[in-house]
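Undergrad: build me a structure from this.
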Amino acid sequence: MLTTDLFDFAYVPDWYGQLDELSRIALPEPWRFKKPTNVTKNQDTPILERYIHMIFRKQCIEFNSAEDDRKAARFFHVENERACFHTGLYNSRYKGIYAFFDRNHRKDSMLEWYFRGFCDELSPWLRYIQPLPQKPSYYTVKRGAGFNPDWPIRVNVEHILGDTENLERIPAKIRKAKNLPLLFETAVELGRRRAVVEPGLVVPQGYQGKIQYLLPVYLTNMKKPDLVMTLEVMDGYYMGHTCLTLEMAYLNARVVARPLVPWLTELVK
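TA: I've put the predicted structure just below:
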């Protein structure tokens, strides 16, 4: 069984330097927010940092859940003196980028593995690993399914408005409105109708190895969403019971693929 925390799995030297190197070798992409709502220690690549931690966790969970060693190796190669996983990122030659580890021999660390760095399939580090782990993927994506705007959305308004964290994500100026439940449900339905005529408006996010969807919710401004509703795929409909901030939605969406919709891309630089 693999621990699902990167820093519990391996000794990682110069973590921010490693992330800077990864951002340099990967296809160009913004890895920080224009106006972050939360100040983080990593101010250069916070999105990339969170992405790697989430992908590491996902691949470890898949590895731990695999039926046998052969299937487990599809997600995370762990054998003898080497370990690696596919980050889901690609370099300018469209070769997959891997995170590589070898045994930790540092006397000042009890961790079993040592993180060497990020590399592509041509690296000497990966020379003796065959087959290489597969690119991270999610169940619904592999089936080729996508968001269906014709499906109804059932909103668990009582849960959302009764949960402190969800409620605080709603704009303060309407948070105490007497008709907030109706306003919220109407905004979600409007978002669904908007998705009918704007394909691609709704984006996927990974959750527990499966796909959910992120629907922008416009409560106070029809040009900019105030928050995002997560939609769980049910049998012929979607269930919405959690709200996210736009930044949270971007981070969750990036685990699956680089967001390209304007309501998310305008957040980053």
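Undergrad: isn't Leu227 right up against Thr242?
TA: No - using CB atoms under 8 Å, Leu227 is not in contact with Thr242, being 10.2 Å away. Glycine gets a C-beta too; all of them are placed from N, C-alpha and C.
Undergrad: how many neighbours does His86 have?
TA: 23 (other CB atoms under 10 Å).
Undergrad: tell me the helix or strand right after the host helix or strand of it.
TA: When secondary structure is defined by DSSP states H and E, His86 falls within strand 82-90. Per DSSP H and E, the first helix or strand lying C-terminal to strand 82-90 is strand 96-103.
Undergrad: show me which residues of that next one are buried.
TA: Neighbour-count burial for strand 96-103 flags 96-102 (criterion: 16 or more other CB atoms under 10 Å).
Undergrad: try stretch 37-50
TA: Result for stretch 37-50 [16+ other CB under 10 Å]: buried residues 42, 45-50.
Undergrad: next step: those residues restricted to helices.
TA: 46-50 (DSSP state H).
Undergrad: lowest-confidence helix or strand of the chain?
TA: helix 139-142 (a mean of 59; mean pLDDT, DSSP states H and E).
Undergrad: sorry, back to before: from the buried residues of strand 96-103, pick the one nearest Arg116.
TA: Phe100 (4.9 Å; CB to CB).
Undergrad: which residues does that closest one contact?
TA: With contact taken as CB atoms under 8 Å, 6 or more residues apart in numbering, Phe100 is in contact with 82-84, 115-119, 123, 125-126.
Undergrad: can you list the residues you listed in CSV and add distance to Gly236 and neighbour count?
TA: Below are those laid out as CSV (distance: CB to CB, whole Å; neighbours: other CB atoms under 10 Å):
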residue, distance to Gly236, neighbour count
Arg82, 46, 18
Ala83, 42, 24
Cys84, 41, 23
Phe115, 45, 22
Arg116, 48, 19
Gly117, 47, 18
Phe118, 42, 24
Cys119, 45, 21
Ser123, 47, 17
Trp125, 47, 18
Leu126, 44, 17
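Undergrad: now render the residues you listed as TSV, adding pLDDT, secondary structure and distance to Phe184.
TA: Output for the contacts of Phe100, formatted as TSV (pLDDT from 0 to 100; DSSP: H, G, I helix; E, B strand; the rest coil; distance: CB to CB, whole Å):
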residue	pLDDT	secondary structure	distance to Phe184
Arg82	96	strand	51
Ala83	98	strand	46
Cys84	98	strand	45
Phe115	98	strand	44
Arg116	98	strand	49
Gly117	98	strand	46
Phe118	98	strand	42
Cys119	98	strand	47
Ser123	97	coil	50
Trp125	97	helix	51
Leu126	97	helix	50
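Undergrad: between these, which is nearest Leu27?
TA: Phe118 (13.1 Å).
Undergrad: what's the closest non-adjacent residue to that closest one?
TA: Leaving aside its chain neighbours, Phe118 sits nearest to Leu22 (4.7 Å; criterion: CB to CB, 6 or more residues apart in numbering).
Undergrad: quick check on that neighbour: phi, psi?
TA: phi -60, psi -40 (degrees, to the nearest 10).
Undergrad: Gly162 too?
TA: For Gly162, the backbone dihedrals (degrees, to the nearest 10) come out as phi -90, psi -10.
Undergrad: same question, Glu165
TA: Dihedral pair for Glu165: phi -60, psi -40, per degrees, to the nearest 10.
Undergrad: repeat that for the one 3 residues further on.
TA: Main-chain dihedrals, Glu168, degrees, to the nearest 10: phi -70, psi -20.
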